[in-house]
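**Student:** Below: sequence and its predicted model.
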Amino acid sequence: MTTDLLQIEMQKATQSRIKEVDFNNLPFGKHFADHMFVADYADGQWTDLRVVPFGDFSFNPALSSLHYGQSIFEGMKAYKNEAGEVLMFRPLDNWARMNESAKRMCMATIPEEVFMGGLEALLRTDADWVPNQPGSSLYIRPYMFATDVYLGVAASKTYRFCIFTCPVGVYYSKPLKVKVEMSYIRSAPGGVGAAKCAGNYAGSLYPTLQAQQAGYDQLLWTDATEHQYFEESGTMNVMFVIDGKLVTPALSDSILDGVTRRSIVAIAKSWGIPVEERKVSIREVIDGIENGSLTEAFGAGTAVVVSPFQVIGFEGKDYMLPERAPTDSFAARVKDYMNDLRTGKIEDSFGWTYKV
């Protein structure tokens, strides 16, 4: 891909805020880098591509996305290798998935040169914001929303695409207590569960709050029809190690096609570990914990990378997962391997890393 002919206006911040940030103490999503990339869509094309200082937008109260929810996003990360070069992990997968979300939400799609050109321009401008502390990274948030000023249920004809970044540390610092959700749903067949649209996350907040008030960190979402099969956990894909096999719910229109999930499946297969993508029932997991055939359960996603479960709560009872040494844990092994890939410490035989 070439972006040499892409016209991107550059407006540099007069003063950097980087000295205000303690890079040894990075809460997730609290500190934002100096610049953002912005582009606007109208009359069938993306125009006014620009890198500008991070700051507020000003909008009409009748902005259609605020009323009818045409809003999608992605989550990505950038890292530094030992030479100080900036690396991204599978950015074209995020670009492709964002366009799938756009199609499902009846929004404009983004050409590769706009997505990648804006991303590269932004990361070159704010390269100093990419941390090099262990466990840290630069979180990247591309998102798009409708900008028509119109009160009527219809697809917008105009959109804004923006990318901003924030240096982050570890999302979860300890293994999670998760509760099986049997009443509320994250998504349903025929819905928008496979899209990264804002409404999916808003709808999850209330049941998640209830679980947290009961002493859990996150939920294990079950299917909308029977509440018998696992789909995701919180904002993560979910995976289990059962009888030495990596088992994960098969993708559907109610399950997000996670880039981290996809990567872990490919890595496990390359290691000769059997992988099963299929329905995973509550009963199979609970029985597996009790009889010892289930040895690990964890969430997987860009923000968390890999987050092991310590407890699964079901029908008022907490089921403890076995403690495993890092050398004996698939979750720990694959997390370390992915981190080494992303930071260029080991050879990338998959072709996933992208040098800016």
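**Tutor:** The structure has been received and is ready for your questions. Since the model is a prediction, treat every value here as computed from it, not as a measurement.
**Student:** the helices in the protein, which residues?
**Tutor:** With helices called from DSSP state H, the chain shows them at 64-68, 91-104, 112-125, 198-213, 259-270, 282-291, 330-342.
**Student:** Minimum distance to Asp348: which of those helices has it?
**Tutor:** Closest of the helices of the chain to Asp348 is helix 330-342, at 5.6 Å (criterion: C-beta to C-beta). Every residue, glycine included, has its C-beta placed from N, CA and C.
**Student:** quick one on the thing from earlier: and the helices of the chain, which is most packed in?
**Tutor:** The highest average neighbour count among the helices of the chain, using mean count of other C-beta atoms under 10 Å, belongs to helix 112-125 at a mean of 21.
**Student:** That one packs against which elements?
**Tutor:** In this structure, helix 112-125 packs against strand 35-42, strand 45-53, strand 86-89, helix 91-104, strand 137-146, strand 159-168, with contacts taken as 3 or more C-beta pairs under 8 Å, 6 or more residues apart in numbering; DSSP states H and E.
**Student:** so what's the closest residue to Asn25 other than its chain neighbours up against?
**Tutor:** Spatial nearest neighbour of Asn25, chain neighbours left out: Gly169 (7.4 Å); criterion: C-beta to C-beta, 6 or more residues apart in numbering. Taking C-beta atoms under 8 Å, 6 or more residues apart in numbering as the criterion, Gly169 is in contact with 25-28, 133, 135-136.
**Student:** Phe89 now?
**Tutor:** Contacts of Phe89 (C-beta under 8 Å, 6+ apart): 76-77, 79, 259, 341-342, 352-354.
**Student:** Turn those residues into TSV, columns for pLDDT and distance to Asp93.
**Tutor:** TSV is the format used below for the contacts of Phe89 (pLDDT from 0 to 100; distance: C-beta to C-beta, whole Å):
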residue	pLDDT	distance to Asp93
Met76	97	9
Lys77	97	12
Tyr79	97	16
Val259	97	5
Leu341	96	14
Arg342	95	13
Trp352	97	8
Thr353	97	12
Tyr354	97	10
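**Student:** check contacts around Gly84.
**Tutor:** Asn132 are the contacts of Gly84 under C-beta under 8 Å, 6+ apart.
**Student:** ok, now the one 4 residues further on?
**Tutor:** With C-beta under 8 Å, 6+ apart as the criterion, the residues that contact Met88 are 76-79, 119, 123, 140, 353-354, 356.
**Student:** again with Gly69
**Tutor:** Neighbouring residues of Gly69 by C-beta under 8 Å, 6+ apart: 197-199.
**Student:** If we use 7 Å, what do you get?
**Tutor:** Gly69 makes contact with 198-199, according to C-beta atoms under 7 Å, 6 or more residues apart in numbering.
**Student:** go on, Val238?
**Tutor:** 220, 230, 232, 248-249, 299.
**Student:** Quick check: the two most widely separated of those?
**Tutor:** Using C-beta to C-beta, the contacts of Val238 reach their maximum pairwise distance at Leu220 and Thr248, which is 12.9 Å.
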